[in-house]
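A.B. asks: can't give you the sequence, but here's the structure:
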């Protein structure tokens, strides 16, 4: 057992002693307010009440994180879009969309992704996306009679979810609500690495650890117990380009696809930034040349006036 003692306080609000006790299985933070006469002549660090609260919060969060033995950090991989001049792998995005459509779309949605985004930033042609949108039935309306109706999807529609509402989603998943995957890469620490590690990290429950019914062991998930079973299996999908559909390959493709969904303008943003850097560099060189060889001579001239 490791025990740390910090003494905080102020002359106005009194002294505070914060004991942080770290056990193997639990963490406990106790705050004890003592009398002002305590440690009066000892070397004490003085803080305001706001600083005390901030210190307690940071120490507590660090303690809880360090003592969680059921959670491990995601493994870092070298993704195609990492780097100042790197872009998404369009072939991998297409394969990832296929994995999402055939596997993930039965429970999860991407409500912030429109079909037109697949054309504007993706690796699909307009004809392909139109055919994909027409396969989806969209509830629209009301019509002239005030009734809702169904129609085929179009490019301006957003991709519909698998459930009509949150209650239906919970009812179909034993009370759990499958999260929307539109921004899941940005919403989780580790981003794409976390998604890949989570999909490939399912394993047998270690001895001495019991899980509740309906939960599965995954050390990359916070707490180690996740309600989603392993979604991927070898040869679960058939890639048109002949790529072997292993669990690792499918996890890589769908993780990269979700990273693209979270930021479909990624490649255009980098291209625009590179253009601006080049333009600013050229403008800086021209300005320096003008100042050095053109303006300097004009500035050094002396104009004299003579009386007639």
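C.D. replies: Received it, and whenever you're ready, just let me know what you need. It should be emphasised that the depicted structure is a prediction, and the values quoted were computed from it without experimental measurement.

A.B. asks: tell me which element residue 91 is part of?
C.D. replies: For residue 91, the element it lies in under DSSP states H and E is helix 90-102.

A.B. asks: Any regions of this structure where pLDDT drops low?
C.D. replies: Within the chain, the stretches with pLDDT under 70 are 1-70, 308.

A.B. asks: and the residue nearest to the spatial centre of it, what does it touch?
C.D. replies: Nearest residue to the geometric centre of the chain (Cα atoms, centre = their mean): residue 186, 1.6 Å. Shown in contact with residue 186 (Cβ atoms under 8 Å, 6 or more residues apart in numbering): 262-263. Using the backbone N, CA and C atoms, a C-beta is placed for each residue, glycine as well.

A.B. asks: Now do the buried residues in the helix or strand it falls within.
C.D. replies: Using DSSP H and E, residue 186 maps to helix 184-187. Residues of helix 184-187 classed as buried by neighbour count (16 or more other Cβ atoms under 10 Å): 184-185.

A.B. asks: Mind listing residues that contact the helix or strand following that helix?
C.D. replies: For helix 184-187, the following helix or strand on the C-terminal side (DSSP H and E) is helix 192-200. Residues from elsewhere that reach helix 192-200, judged by Cβ under 8 Å, 6+ apart: 74-77, 79, 184-185, 188, 190, 218, 220-221, 226, 231-232, 247-248, 250-252, 254-256, 258-259.

A.B. asks: Surely residue 225 is in contact with residue 216?
C.D. replies: Yes: Residue 225 lies in contact with residue 216 (Cβ atoms under 8 Å); the separation is 7.3 Å.

A.B. asks: residue ranges for the helices of the protein, please.
C.D. replies: 49-66, 90-102, 115-120, 126-134, 166-172, 184-187, 192-200, 247-262, 266-289, 296-300 (DSSP state H).

A.B. asks: Could you dump those helices into JSON lines with distance to residue 210 added?
C.D. replies: Output for these, formatted as JSON lines (distance: least, Cβ to Cβ, whole Å):
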{"stretch": "helix 49-66", "distance to residue 210": "22"}
{"stretch": "helix 90-102", "distance to residue 210": "32"}
{"stretch": "helix 115-120", "distance to residue 210": "44"}
{"stretch": "helix 126-134", "distance to residue 210": "45"}
{"stretch": "helix 166-172", "distance to residue 210": "25"}
{"stretch": "helix 184-187", "distance to residue 210": "29"}
{"stretch": "helix 192-200", "distance to residue 210": "22"}
{"stretch": "helix 247-262", "distance to residue 210": "26"}
{"stretch": "helix 266-289", "distance to residue 210": "43"}
{"stretch": "helix 296-300", "distance to residue 210": "81"}
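
A.B. asks: With respect to residue 109, which of the ones you listed lies nearest?
C.D. replies: Among the helices of the chain, helix 166-172 comes nearest to residue 109, with 8.9 Å by Cβ to Cβ.

A.B. asks: List the buried residues in the closest one.
C.D. replies: For helix 166-172, the neighbour count (16+ other Cβ under 10 Å) marks residue 169 as buried.

A.B. asks: cool, stretch 75-84 as well?
C.D. replies: Neighbour-count burial for stretch 75-84 flags 79-81 (criterion: 16+ other Cβ under 10 Å).

A.B. asks: circling back to that earlier point, and the helices of the chain: which comes nearest residue 147?
C.D. replies: helix 166-172 (21.3 Å).

A.B. asks: what about that closest one, distance to the chain center?
C.D. replies: 25 Å (Cα atoms, centre = their mean, to the nearest Å).

A.B. asks: Tell me the spacing between residue 123 and residue 108.
C.D. replies: If you measure residue 123 against residue 108 using Cβ to Cβ, to the nearest Å, the figure is 21 Å.

A.B. asks: scratch that, residue 168
C.D. replies: 14 Å.

A.B. asks: next one: residue 146
C.D. replies: Distance, residue 146 to residue 108, using Cβ to Cβ: 33 Å.

A.B. asks: Tell me which of those two has more neighbours.
C.D. replies: A count of neighbours by other Cβ atoms under 10 Å puts residue 108 above the other of residue 146 and residue 108, at 21 against 7.

A.B. asks: residues contacting that one?
C.D. replies: 100, 161-162, 178-181.

A.B. asks: Quick check on those residues: which are buried?
C.D. replies: Buried, going by 16+ other Cβ under 10 Å: 100, 161, 178, 181, out of the contacts of residue 108.

A.B. asks: Could you tell me how many residues sit around the nearest residue to the third one once chain neighbours are set aside?
C.D. replies: Counting by Cβ to Cβ, 6 or more residues apart in numbering, the nearest residue to residue 178 once its immediate chain neighbours are dropped is residue 107, at 4.4 Å. One way to gauge burial is a neighbour count; for residue 107, by other Cβ under 10 Å, it gives 19.
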